[in-house]
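> Next one to model:
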Amino acid sequence: MNHEAILNVLNSLEVIEQQGGEDSYILVANNEVNRSRLAAVGVPAEKMVYYGDDETFCILALAFGERYADEFVNGYLIKWGPIDDSLRYRVLNGDGTAGDAERLLRLLEPDLFQQSEEEQASPA
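Here you go, the predicted model:
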């Protein structure tokens, strides 16, 4: 599955409503045009219903829930690139962002994040 193509489509959809902060969401119309554009890049229609309803769906929840994106920066969903020396040195020197540190930690300690993600996915 081409995450870059999916993110290009998600980032191009017209936003109906959005909210930032702890309860963030970005809603787009659940219509034939949006469903067909996402289906063309490999996103099943069931996913849009899972992350919304008959009228709208949340592209933020879709992108993070299906791991199409790793971060939302300056109005765009993005997928992190490979871990390289530049990233390592930024984190080691204290010049990196919290996102940089998380990327490195996810690579070095995947079990920490896998457990957390499993806990979030399981019903309470």
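> Hmm, Val9 is touching Arg37, no?
Yes. Here Val9 reaches Arg37: they are 5.2 Å apart, a contact under Cβ atoms under 8 Å. For the C-beta atoms, the positions are set from N, CA and C on the backbone; glycine is no exception.
> Settle it for me: which of these two has more neighbours?
Val9 (18 against 15; other Cβ atoms under 10 Å).
> For the host helix or strand of that one, output the C-alpha coordinates as PDB.
Remark: Val9 resides in helix 3-12, with elements defined by DSSP states H and E. The C-alpha atoms that make up helix 3-12 are tabulated as PDB, following Å, rounded to 0.1, in the frame of the first residue of the first chain:
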ATOM      1  CA  HIS A   3       1.100   5.600   2.100                       C
ATOM      2  CA  GLU A   4       2.400   8.600   0.200                       C
ATOM      3  CA  ALA A   5      -0.500   8.400  -2.300                       C
ATOM      4  CA  ILE A   6      -3.000   7.900   0.500                       C
ATOM      5  CA  LEU A   7      -1.700  10.900   2.400                       C
ATOM      6  CA  ASN A   8      -1.800  13.000  -0.800                       C
ATOM      7  CA  VAL A   9      -5.500  12.200  -1.100                       C
ATOM      8  CA  LEU A  10      -6.200  12.700   2.600                       C
ATOM      9  CA  ASN A  11      -4.400  16.000   2.600                       C
ATOM     10  CA  SER A  12      -6.300  17.200  -0.500                       C
END
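> Now do it: which elements does it pack against?
When contacts are defined as 3 or more Cβ pairs under 8 Å, 6 or more residues apart in numbering; DSSP states H and E, helix 3-12 sits against helix 32-40, helix 59-65, strand 76-78.
> moving C-terminal of that helix, what's the next helix or strand?
By DSSP H and E, the next helix or strand past helix 3-12 is strand 15-19.
> on contacts alone, who are the packing partners of that next one?
Against strand 15-19 (3+ Cβ pairs under 8 Å, 6+ apart) you get strand 25-29.
> Distance check, the residue of the chain most remote from its centre against Asp100.
Here the chain reaches farthest from its C-alpha mean at Asn93, the gap being 27.5 Å by Cα atoms, centre = their mean. Separation of Asn93 from Asp100 (Cβ to Cβ, to the nearest Å): 11 Å.
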